[in-house]
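> Sequence and predicted structure, then a few things I'm wondering about:
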Amino acid sequence: MNAMRELRIAKVVLNIGVGEAGDRLSKAETVLQKLTGCQPVRTLSRTTNRDLGLRKGMPIGCKVTLRGENAHRVLKNALWVRENRLPAYCFSAAGGLNFGTQVVLVTSVQHACMDVPFDCCMHRLRYKTTS
């Protein structure tokens, strides 16, 4: 295969949306910290929604963007959890890959079980695909 046609991993984004600040958000940050070894960034609400109890600027989730060797390592471990099998609907036409796994973090104090979606963006040399 031509080396210029090879797909490469541009970035892997892990995102946990909990919908509220507090204990659940801190557990989500701990899960991402342990899973990736990187400090997660909090995501903020863009609008106010009275039905959901959200105010503009309120922290509602966290995310980590990984590139390079960290992205390869985390994606390899996540695919191992899924037994290296993904259905066809996980792949987009533009070259993206999206799937989720359930992560269970057990510590001496607390037990956290969360669904973590993995979003992987692929690219070729000199050509970036969008997902």
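Perfect, thanks for sending it.
> what's the closest non-adjacent residue to residue 3?
Among residues not flanking residue 3 along the chain, residue 125 sits closest, at 7.5 Å (CB to CB, 6 or more residues apart in numbering). For glycine as for every other residue, the C-beta is placed from the backbone atoms N, C-alpha and C.
> dump the residue contacts of that neighbour.
By CB atoms under 8 Å, 6 or more residues apart in numbering, the contact list for residue 125 reads 3-4, 6, 8.
> for those, which one is nearest residue 36?
Distance to residue 36 across these (CB to CB) is lowest for residue 8, with 19.5 Å.
> Please name the nearest non-neighbouring residue to the closest one.
Leaving aside its sequence neighbours, residue 8 sits nearest to residue 123 (CB to CB, 6+ apart; 6.0 Å).
> count of residues packed around that neighbour?
Counted with other CB atoms under 10 Å, residues neighbouring residue 123 total 15.
> Now do it against residue 46, distance only.
From residue 123 across to residue 46, the span is 28 Å (CB to CB, to the nearest Å).
> Just put the contacts of residue 125 in JSON lines and tack on distance to residue 39 and pLDDT.
Below are the contacts of residue 125 laid out as JSON lines (distance: CB to CB, whole Å; pLDDT from 0 to 100):
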{"residue": "3", "distance to residue 39": "35", "pLDDT": "78"}
{"residue": "4", "distance to residue 39": "35", "pLDDT": "79"}
{"residue": "6", "distance to residue 39": "31", "pLDDT": "78"}
{"residue": "8", "distance to residue 39": "25", "pLDDT": "83"}
